[in-house]
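Enquirer: please work out how this folds:
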Amino acid sequence: MKGRQHRRGGVRTGLLAAVCLSAVLAGCAAPAAPAGPKAAPAPEANAAPEANAAPAAEGADQAGAPPLAAEANSAEAVARLEAAAQHWGLEHPPLKAPPRPATKPELTPVQGVKLADGRPPVVFRVPTDDKVVFLTVDDGAEKDPEFSRMAADLGIPLSTYVSDYLARENYGYFRDLHTQGVEINNHTINHRNLKVLDYETQREEICTQQDQLEKQIGVRPRLFRPPYGEYNDDTLRAAASCGVEAVPMWNEEAFPDHMEWRYDDRKLHSGDIILTHFRGTDIWNASMPDLLRKVVDEVTAQGFALARLDDYL
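Expert: Next up, the predicted model:
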């Protein structure tokens, strides 16, 4: 069940990636970087690993770069990701998700998907054969720049669900996340249990936050998650009336020290949605980077990649 609580690229790290690249054929491993978010400066801040790959050399072929240049770029990207994984204390670099699907999966009334005419689908598990799962982050109380930096350094896709009463003091943090490619979705204005409210009050909670996020972020959300996962038909009818296209729920909930599982096998499955929260040391006695480290290690150990939920729904 859902709980109710709520190192920028320096010369040293750049040299590390370059040394690793030049020594790959010799089998030379880079020295281990400190394993924690408060350690040495991270790789290039706020950029996914592939974003800093060297440009194609002049005379590139129609594919974009000659084979040798393409290989060099790929090796640099791998070296950069490995350095970032060491820096942030991961057991292994995260697996890379496949390209986003050209067509989003068709939603049918199967396990993990609830459909009703005129209502946005409620989705616990995305119907996909891709070896991917999705990380979603709710509420917005903790606005940790190290978390957004870590996600950018590692190229971790996120989908967020923000409540205005927690985000309004610093919407700039969420605008920055959006610049990184993170969609900022709707989690109502006041984070109330919608199930006990009448239709008009529910509609005000949802639609007002649609308007606020469009104003603050510049994009009207397509996805909405009801607080506590509590909803009824009025919730879905209200959400549909203000442009919501899908209601993602979750199968697992992540904490810095453990995962909570919906199913008895205690395993991830393709298309699973993982819930966590913007929370800090005052509640968890751990940081947001600690949380992200736990999630990425668990997902990687089970052979999955993290993908962007908004690309699938």
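Enquirer: what number of residues lie near Ala286?
Expert: For Ala286, the neighbour count with other CB atoms under 10 Å is 16. In this view, the C-beta of every residue, glycine as well, is placed from N, C-alpha and C.
Enquirer: secondary structure element for it?
Expert: Secondary-structure assignment from DSSP states H and E places Ala286 in no helical or strand segment.
Enquirer: name the nearest residue to it, sequence neighbours excluded.
Expert: Pro256 (3.6 Å; CB to CB, 6 or more residues apart in numbering).
Enquirer: and that neighbour, how close does it get to Met150?
Expert: Pro256 is 13 Å from Met150, where distance means CB to CB, to the nearest Å.
Enquirer: looking at the two, which is more packed in?
Expert: It is Met150, of Pro256 and Met150, that has more neighbours when counted by other CB under 10 Å, with 27 against 19.
Enquirer: mind showing which ranges of this structure have poor pLDDT?
Expert: Residues of the chain meeting the criterion pLDDT under 70: 1-73.
Enquirer: now do the strands in it.
Expert: 113-114, 122-123, 132-139, 159-162, 183-186, 247-248, 252-254, 259-261, 273-277, 305-307 (DSSP state E).
Enquirer: who does the longest one touch, helix- and strand-wise?
Expert: Looking back up the chat, that one is strand 132-139. Applying 3 or more CB pairs under 8 Å, 6 or more residues apart in numbering; DSSP states H and E, one finds that strand 132-139 contacts strand 159-162, strand 273-277, helix 288-301, strand 305-307, helix 309-312.
Enquirer: quick check: which of the ones you listed is nearest to Asp234?
Expert: Among these, strand 159-162 comes nearest to Asp234, with 19.3 Å by CB to CB.
Enquirer: show me how far stretch 206-219 is from its chain's centre.
Expert: Relative to the mean C-alpha coordinate of its chain, stretch 206-219 is positioned 20 Å out (CA atoms, centre = their mean, to the nearest Å).
Enquirer: what residues sit buried inside it?
Expert: Of all the residues in stretch 206-219, those buried under the rule 16 or more other CB atoms under 10 Å are Ile206, Cys207, Thr208, Gln209, Gln210, Gln212, Leu213, Gln216, Ile217.
Enquirer: ok, residues contacting that stretch?
Expert: Applying CB atoms under 8 Å, 6 or more residues apart in numbering, the set of residues contacting stretch 206-219 from outside is 162-164, 167, 171, 174-175, 178, 183-189, 194, 220-221, 224, 235, 238-239, 241-244.
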